[in-house]
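Novice: Attaching a predicted model along with its sequence, questions to come.
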Amino acid sequence: MSGPGVALRRYDAELREALAELRARREELSGRIRAEEAERGRLQGRIWALTERLARTSESLARHLVARGELDRTIAETEAAYGQILENSQTLLDVLKEELGNASKASELQSTSKEKEEKAGGQKHF
């Protein structure tokens, strides 16, 4: 009985040792799983925070783009109106210069016609 009994004990010891090693591996793997689950939780928290931040930034960006579009439109309208004012001012200035020229010519004509009348009238008196 010592032959089969010794073999049986040896098998039992090897089996227990293999089971103990498997349990140790299982515990090590369980520790890794817990660590990875914790890391996944931290990453999910960061993803949530970044998603919220991205949403806020996107909303702010959209508002800023609308505001810039409105400013661009206002600037374009103001520049167009300013251009029209300059054009109208130039036209007014041209008309004024023309009228001043006409007034000067009329004044000169009146002055020369008065001088002619005075000369003509002055000659009659002698």
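Specialist: Ah, there it is. Treat the numbers as computed from the prediction; the structure is a model and nothing was measured.
Novice: Break down this protein into its helices, ranges please.
Specialist: 2-125 (DSSP state H).
Novice: And the residue nearest the centre of it?
Specialist: The chain has residue 65 as the residue nearest its centroid, 5.2 Å off, counting by C-alpha atoms, centre = their mean.
Novice: how close does that one sit to residue 59?
Specialist: Using C-beta to C-beta, to the nearest Å, residue 65 is found at 11 Å from residue 59. Glycine gets a C-beta too; all of them are placed from N, C-alpha and C.
Novice: now do residue 40
Specialist: With distances defined as C-beta to C-beta, the gap from residue 40 to residue 59 amounts to 28 Å.
Novice: do the same with residue 35
Specialist: Applying C-beta to C-beta, one obtains 36 Å for the distance of residue 35 from residue 59.
Novice: confidence score at residue 124?
Specialist: Taken from the predicted model, the pLDDT recorded for residue 124 is 53.
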